[in-house]
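Novice: no sequence for this one, just the structure:
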Ligand SMILES: [Zn+2]
Ligand SMILES: [Zn+2]
């Protein structure tokens with residue numbers, strides 16, 4: 001598994017908004033600016049065929065209109081979007097706002113499939129979609145990828161909840177929300193990560209969606225099983 005950290009920051013930082021590219025073709029979230037982030041890393045957004053969305057805040061899906069418009073003009077028009085049911089309406093709405101005269105045409109040209117299932121497969125990965133707790137934003141999901149008895153998780157935006165613990169227990173690597181210095185009802189904080197990294201020492205926590213002060217503090221703390229990634233970094237498992 002090749003995981004490229006395209007973005008590791010919260011919206012209000014110079015770092016890219018949190019998203020990941022797996023094996024060069026599967027994106028977890030597609031935030032504002034995602035196409036530009038990819039181009040800067042010399043990655044063609046059209047090489048992506050699977051997009052897993054965690055929830056419908058703009059910093060997790062607002063670049064989809066640009067991706068869809070461009071992808072519809074290429075030879076390989078196959079895309080599958082994995083999300084909750086309201087995704088179809090929301091993506092159409094922002095697409096038509098972005099390109100009032102042409103979105104409908106390109107949306108029709110694209111071979112776009114939606115997948116709302118809780119368990120599905122992409123290539124050799126068994127993927128599980130789990131509910132997490134992101135305050136009033138419901139539903140919000142995390143994903144676990146499993147292959148050859150090894151699991152890697154992505155929490156999306158979430159406060160500390162039972163499914164985050166389940167993911168920490170199961171996964172070798174967990175790419176997880178650590179936005180804040182102190183966790184609240186919407187996002188995890190360093191206090192939550194200190195708890196998780198002690199209770200689940202076999203899991204490596206790759207923190208993400210970081211505010212700048214959280215990133216600095218985590219670097220000072222140097223916790224053994226917490227990895228603070230830079231945008232563009234690759235993790236090979
Ligand atoms: Zn959010
Ligand atoms: Zn967010």
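Specialist: Yes, it's here. Since we're looking at a predicted model, the values are computed, not measured. Ligands and ions are numbered 1, 2, ... in the order given.

Novice: Now do the same contact list for the spatially closest residue to residue 121 that is not a sequence neighbour.
Specialist: Excluding the flanking residues, the one nearest residue 121 by Cβ to Cβ, 6 or more residues apart in numbering is residue 127, at 6.7 Å. Yep, even glycine has a C-beta here, placed from its N, CA and C like the rest. Applying Cβ atoms under 8 Å, 6 or more residues apart in numbering, we find residue 127 in contact with 52, 82, 119, 120, 121, 143, 144, 145, 146.

Novice: Next SSE downstream of the strand or helix carrying residue 127?
Specialist: Assigned by DSSP states H and E, residue 127 belongs to strand 125-134. For strand 125-134, the following helix or strand on the C-terminal side (DSSP H and E) is strand 137-147.

Novice: Packing partners of that next one?
Specialist: Counting contacts by 3 or more Cβ pairs under 8 Å, 6 or more residues apart in numbering; DSSP states H and E, strand 137-147 is packed against strand 125-134, strand 150-154, helix 162-170.

Novice: Can you lay out the ones you listed as TSV showing mean pLDDT and distance to residue 31?
Specialist: Shown next, in TSV, are those (pLDDT from 0 to 100; distance: least, Cβ to Cβ, whole Å):
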stretch	mean pLDDT	distance to residue 31
strand 125-134	98	15
strand 150-154	98	13
helix 162-170	98	21
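
Novice: Could you say which of these is packed most deeply?
Specialist: Most buried of the helices and strands packed on strand 137-147 by mean neighbour count (mean count of other Cβ atoms under 10 Å) is strand 150-154; its value is a mean of 22.

Novice: which residue of this protein sits farthest from its center?
Specialist: Going by Cα atoms, centre = their mean, the residue of the chain most distant from its centre is residue 101, 29.8 Å out.

Novice: ok but it is inside a strand, no?
Specialist: No. Read with DSSP: H, G, I helix; E, B strand; the rest coil, residue 101 is coil and lies in no strand.

Novice: what about stretch 5-16, how long is it end to end?
Specialist: Stretch 5-16 has its terminal residues 10 Å apart, counting by Cα to Cα, to the nearest Å.

Novice: Same question for stretch 146-163.
Specialist: Stretch 146-163 stretches 16 Å from its first residue to its last (Cα to Cα).

Novice: do the same with stretch 31-44
Specialist: Start to finish, the residues bounding stretch 31-44 are 16 Å apart (Cα to Cα).

Novice: check whether it contacts ligand 2.
Specialist: No. Using Cβ under 5 Å from the ion, we find that stretch 31-44 stays clear of ligand 2, coming within 7.7 Å at best.

Novice: Tell me the buried residues in that stretch?
Specialist: Neighbour counts over stretch 31-44 (16 or more other Cβ atoms under 10 Å) mark 31, 32, 33, 34, 35, 37, 38, 43 as buried.

Novice: what are the ranges of the strands in the protein?
Specialist: Along the chain, the segments classed as strands by DSSP state E run 2-7, 19-22, 26-28, 50-52, 78-82, 111-115, 119-122, 125-134, 137-147, 150-154, 173-177, 204-208, 226-227, 234-236.

Novice: Need the winner for burial among these.
Specialist: Ranked by mean neighbour count, the strands of the chain are led by strand 173-177 with a mean of 27 (mean count of other Cβ under 10 Å).

Novice: Show me what that one is packed up against.
Specialist: Using 3+ Cβ pairs under 8 Å, 6+ apart, strand 173-177 sits against strand 2-7, strand 150-154, helix 162-170, strand 204-208.

Novice: what about the strand holding residue 127, distance to the chain center?
Specialist: Taking Cα atoms, centre = their mean, to the nearest Å, one finds the center of strand 125-134 at 11 Å from the center of the full chain.

Novice: Thanks a lot, catch you later.
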